[in-house]
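Novice: Starting from these lines, generate the structure:
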Amino acid sequence: MDSIAGFILVGGESRRMGTAKSGLMLNDQSFVDRIAGEVSGVTPLVAVVGSNSAALQLKHSSKLTVVSDIYPHWGALGGVHAALATAQRNAEWALIVACDFPFVTKELFVRLADVREGYDAVAPIQSDSIPQPLCALYRVAPCLNRAEDLIKSGERKPIALLQSVRTRWVLFNELADLKHASSLFDNINTPQDYARIARERS
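Specialist: Below is the predicted model of the structure:
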């Protein structure tokens with residue numbers, strides 16, 4: 001797995017949550033640290049990607065390397081681009097995960113990595129049939145070039161990147177045997193979501 005670098009995206013504006021999701025805690029551990037612990041199961045190279053303000057906040061609360069967006073305020077595709085630009089120095093692939101997926105696991109990442117051969121990206125499809133570009137593997141060279149082109153064209157959605165390279169879509173039934181599969185893509189977007197998982201995981 002040494003050709004993979006891991007990145008956690010923290011740059012969202014968190015309008016629905018009302019506070020930075022990167023700082024949310026569960027059982028005395030931040031979402032970022034929980035995810036980083038799982039990502040480190042497949043690579044020792046783990047960094048956080050976000051806006052300058054998010055990066056500054058995390059420098060005081062996390063031991064992880066912090067990477068600032070190259071295209072500030074460009075949304076999730078901007079975060080993916082910054083991760084890929086950083087990864088090109090030391091890895092063939094970038095594992096990119098948004099900070100609001102606190103229940104992702106090492107086993108999920110291994111499963112995705114196992115089917116990457118011959119593709120430019122590997123992305124899961126959730127049980128509700130929604131593709132998930134923010135918990136995915138990207139081959140750095142082709143995806144960085146394409147992300148740059150998309151941003152210059154005005155595109156902001158990372159799904160457009162996956163749709164324009166050779167992507168291995170991993171159906172949920174290929175992941176259903178993993179432990180806690182039903183919560184792998186539990187996306188924590190609102191105070192109600194956060195209150196729910198706090199009750200369930202307390």
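Novice: where exactly do the helices run in this protein?
Specialist: Taking DSSP state H as the test, the helices found in the chain are 31-39, 52-59, 75-87, 106-113, 140-152, 158-163, 191-201.
Novice: Output the below-cut-off pLDDT ranges for the protein.
Specialist: Applying pLDDT under 70 to the chain flags residues 1-2, 12-20, 22, 52-62, 202.
Novice: one more time with 90
Specialist: Low-confidence segments of the chain (pLDDT under 90): 1-2, 11-30, 50-66, 68-69, 72-73, 75, 187-202.
Novice: for it, which residue is closest to the average position?
Specialist: Val97 (1.2 Å; C-alpha atoms, centre = their mean).
Novice: Would you mind measuring from the closest residue to Glu148 other than its chain neighbours to Ala136?
Specialist: Take Glu148 and drop its neighbours on the chain: the residue closest to it by C-beta to C-beta, 6 or more residues apart in numbering is His81, 6.7 Å away. (Glycine included, C-beta is placed from N, CA and C.) His81 sits 14 Å away from Ala136, going by C-beta to C-beta, to the nearest Å.
Novice: Look up the closest residue to Gly6, ignoring the ones flanking it.
Specialist: Take Gly6 and drop its neighbours on the chain: the residue closest to it by C-beta to C-beta, 6+ apart is Val39, 3.8 Å away.
Novice: again, but for Trp93
Specialist: Nearest residue to Trp93 in three dimensions, chain neighbours excluded: Ile4, at 4.6 Å (C-beta to C-beta, 6+ apart).
Novice: Next up, the contacts around the one you found.
Specialist: Contacts for Ile4 (C-beta atoms under 8 Å, 6 or more residues apart in numbering) come out as 42-43, 45, 91-95, 113, 137.
Novice: For Asn187, state which of the residues you listed is nearest.
Specialist: Leu95 (17.5 Å; C-beta to C-beta).
Novice: That closest one reaches Phe109, doesn't it?
Specialist: Yes: with contact defined as C-beta atoms under 8 Å, Leu95 counts as touching Phe109 (6.0 Å).
Novice: What's the separation between the residue nearest to Gly6 and Thr86?
Specialist: Distance of Val39 to Thr86, given as C-beta to C-beta: 14 Å.
Novice: hmm, back to that, got any residues that touch both of Leu95 and Phe109?
Specialist: With C-beta under 8 Å, 6+ apart, Leu95 and Phe109 have common neighbours 39, 42, 137.
Novice: shouldn't the first one be in contact with Val46?
Specialist: Yes: using C-beta under 8 Å, Val39 is in contact with Val46, at 5.1 Å.
Novice: Residues that sit against both of the two, list them.
Specialist: Common neighbours of Val39 and Val46, counting by C-beta under 8 Å, 6+ apart, are 6, 8.
Novice: Between the two, which is the more surrounded one?
Specialist: More neighbours surround Val39 than the other of Val39 and Val46, with 26 against 22 (other C-beta atoms under 10 Å).
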